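# A predicted structure for the sequence below; I have some questions about it.
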Amino acid sequence: MKVVIVGGVAGGATAAARIRRLDERAEIIVFERSGYVSYANCGLPYYIGGVIENPKDLTLQTPESFYNRFHITIKVRHEVIQIHTDQQRVSVKNLETGEVFMESYDKLLLSPGAKPTQPNMPGVGIDRLFTLRTVEDTLRIHQFIDETKPKSVLLAGGGFIGLELAENLKDLGMDVTIVQRPKQLMNPFDPDMAAFIHAKMRQKGVKLLLGYSVEGFEKADAGVKVLLEGNLSLCADMVVLAIGVTPESELAKKANLELGIKGSILVNDRMETSIPNIYAVGDAVQVKHSVTGLETLIPLAGPANKQGRIAADNICGGDSRYHGSLGSSILKVFDMTVATTGINEQTARKAGIPYDKIYLSPMDHAGYYPGGKSMVMKVIFEKETGRILGGQIVGYAGVDKRIDVLATAIHGKMTADDLKELDLAYAPPYSSAKDPVNMAGFMMDNILSGKLKQFFYEDVEALPRDGSVTLLDVRTPEEYRRGHIHGFFNIPLDELRDRIREIELGKPVYINCQSGLRSYIACRILSQNGLECYNFSGGYGFYRVQAEEVLCAQESYPCGMEK
């Protein structure tokens with residue numbers, strides 16, 4: 001059997017190694033357009049920022065090491081330019097010499113990845129305007145920074161690449177501005193959780209222009225002029241386009257393979273395309289979302305590696321299946337960690353899934369053990385069944401552990417009851433006896449069983465201030481003096497039972513505290529005294545971040561930017 005693989009990096013390189021482990025006699029050839037067959041794509045921004053010092057550390061395998069270990073032929077700087085499906089051959093161009101030759105295959109695997117989205121606007125392609133996808137891109141940006149010492153950079157786009165570059169370039173001492181048409185960074189997050197990311201970026205001096213569209217670029221004196229809608233413009237010493245990626249599917253399109261959303265390659269759960277003996281994996285393929293069952297694109301390294309392994313199994317006569325992606329991801333944002341898995345509220349609404357949500361702010365480990373830091377967790381669950389649908393976390397320690405537990409729970413179609421019962425590792429330096437994931441299960445159980453009713457940030461403004469409802473803050477007087485929600489009066493939780501006569505019977509009571517825990521206890525006290533109670537999910541700490549985000553959004557210019 002002869003297998004030709006188009007593209008290395010995650011999916012192609014993984015498939016090549018797996019095929020060899022399954023079939024020692026197979027002839028395997030990998031054609032890679034760039035000069036590197038297997039590299040740490042996710043590490044590229046950290047080399048630009050100097051965190052990874054040696055560029056060789058980005059290269060996971062070389063053609064020589066691949067051949068020595070697996071006897072797989074790797075041809076870098078070779079581009080497959082056409083697939084002749086009727087002949088089971090491909091046309092390959094040697095990018096060093098210009099030579100074009102034919103290569104036959106029994107099985108063909110496409111792993112072309114995705115390319116940075118290149119908007120069709122004036123000025124794309126001018127000097128000092130970069131994209132970041134390959135090692136060559138990274139070396140080019142690194143060399144430019146090293147030689148010209150730019151003082152300012154504008155990043156068009158606020159996804160993974162944009163945020164990682166923002167941190168690394170800010171740490172190099174550059175003035176960093178992010179421009180993005182959506183009004184939030186990191187679209188996998190809901191806006192309320194993205195607000196914590198915005199706050200951290202601003203705290204670190206990154207300027208945010210959210211809700212602004214880039215309309216073109218012009219050369220400026222030793223820099224780039226970025227044209228924005230509304231006749232606005234900005235100048236920077238360099239610009240990096242990080243507005244997303246587009247499936248690299250032109251080769252598949254020319255071969256008349258069936259395509260899916262946004263021109264992605266259509267595959268079944270065996271990673272087979274519409275044409276026999278051709279498989280496709282990675283960022284270029286359309287997949288199903290594990291929670292919704294809807295078709296989607298999830299250009300992440302984890303799914304690409306799994307798909308490469310599955311395709312290899314099937315190429316070698318097996319029957320492996322890909323059951324979809326959750327989109328689990330995690331990101332370092334300066335000293336903060338943000339992570340998500342499953343679906344957010346917008347996706348749940350689009351899929352027509354009746355859902356509810358909780359917010360909690362637990363410590364990463366036992367409160368009595370020194371060094372604990374709080375995190376903010378948001379968990380989305382199905383209203384009727386309690387099935388876990390998605391999770392989002394921002395914090396400083398222990399975020400990765402909790403998001404992975406939630407991802408496992410979603411994959412296993414677990415419910416709130418299951419989270420309650422999880423037996424998770426505990427020692428004071430690492431967790432609490434009731435882990436944050438267990439706490440999420442307890443909270444959801446209280447809601448599903450009717451013991452707790454909630455209200456949310458988006459409900460606060462509409463609450464009547466005419467005395468028809470009671471608005472109660474159960475924090476300490478000192479906390480209340482430092483800031484409180486308009487219209488809420490203060491009775492500290494520990495005084496509530498003695499002052500319960502101050503709360504008028506027959507009126508609903510909306511209760512707030514700092515994180516949602518004390519207000520929950522207050523709800524239990526008052527509800528057992530005949531009052532209808534609603535707990536503010538997330539608490540005043542959550543409210544304050546959201547309110548600050550609203551103020552920033554109302555500014556003519558983004559917070560932290562000079563007018």
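That came through fine. Since this is a predicted model, take the numbers as computed values, not measurements.
# check contacts around Lys453.
Contact analysis of Lys453 by Cβ atoms under 8 Å, 6 or more residues apart in numbering lists Ile447, Cys523, Glu532, Cys533, Tyr534, Asn535. Where C-beta positions appear, they are placed from N, C-alpha and C, glycine not excepted.
# again with Arg33
So Arg33 contacts Gly7, Arg77, His78, Glu79, Leu95 (Cβ under 8 Å, 6+ apart).
# Quick check: Gly157 vs Val179, distance?
To Val179, Gly157 is 8 Å away according to Cβ to Cβ, to the nearest Å.
# circling back: from the contacts of Arg33, which is closest to Met375?
Among these, Gly7 lies closest to Met375 (Cβ to Cβ), at 37.5 Å.
# And for the protein, the residue most distant from the center?
Most distant residue from the mean C-alpha position of the chain: Arg501, 48.5 Å away (Cα atoms, centre = their mean).
# So that one: helix, strand or coil?
Under the three-state scheme (DSSP: H, G, I helix; E, B strand; the rest coil), Arg501 adopts helix.
# what's the answer for the one 4 residues further on, then?
At Leu505, secondary structure determined by three-state DSSP is coil.
# which ones are touching it?
Each residue near Leu505 by Cβ under 8 Å, 6+ apart is listed here: Gly530, Leu531.
# doesn't Gly516 make contact with Leu360?
Yes - contact criterion Cβ atoms under 8 Å: Leu360 and Gly516 qualify, at 6.5 Å.
# Phi, psi for the nearest residue to Asp190 once chain neighbours are set aside please.
Leaving aside its sequence neighbours, Asp190 sits nearest to Asn344 (Cβ to Cβ, 6 or more residues apart in numbering; 4.7 Å). Dihedral pair for Asn344: phi -100, psi -180, per degrees, to the nearest 10.
# cool, Gly327 as well?
The phi/psi pair for Gly327 (degrees, to the nearest 10) reads phi 70, psi 30.
# mind checking how far the closest residue to it other than its chain neighbours is from Lys207?
Leaving aside its chain neighbours, Gly327 sits nearest to Ile298 (4.9 Å; criterion: Cβ to Cβ, 6+ apart). Using Cβ to Cβ, Ile298 is found at 30 Å from Lys207.
# same thing with Ile353?
Distance, Ile353 to Lys207, using Cβ to Cβ: 37 Å.
# who has more neighbours, the two?
Higher neighbour count among Ile353 and Lys207: Lys207, with 21 against 17, using other Cβ atoms under 10 Å.
# Next, give phi and psi for the more buried one.
The phi and psi torsions at Lys207 (degrees, to the nearest 10) take the values phi -90, psi 140.
# ditto for Leu132
Phi and psi for Leu132, reported as degrees, to the nearest 10, are phi -130, psi 110.
# if I look at it, how far off is Lys383?
To Lys383, Leu132 is 41 Å away according to Cβ to Cβ.
# and these two? which has more neighbours close in?
Neighbour comparison, Leu132 and Lys383: the larger count goes to Leu132, with 21 against 12 (by other Cβ under 10 Å).
# tell me the contacts of that one?
When contacts are counted by Cβ under 8 Å, 6+ apart, Leu132 touches Leu44, Pro45, Ile48, Pro116, Thr138, Ile141, Ile161, Leu165, Val240, Ala242.
# where in the stretch 151-300 of the chain is pLDDT low?
Of all residues in the stretch 151-300 of the chain, none has pLDDT under 70.
# Helices of that one, start to end?
For the stretch 151-300 of the chain, the helices defined by DSSP state H, counting those that start in this stretch cover 160-171, 191-203, 250-254.
# Please point out which parts of the shortest one sit buried.
If you call a residue buried by 16 or more other Cβ atoms under 10 Å, then helix 250-254 has these buried ones: Leu251, Ala252.
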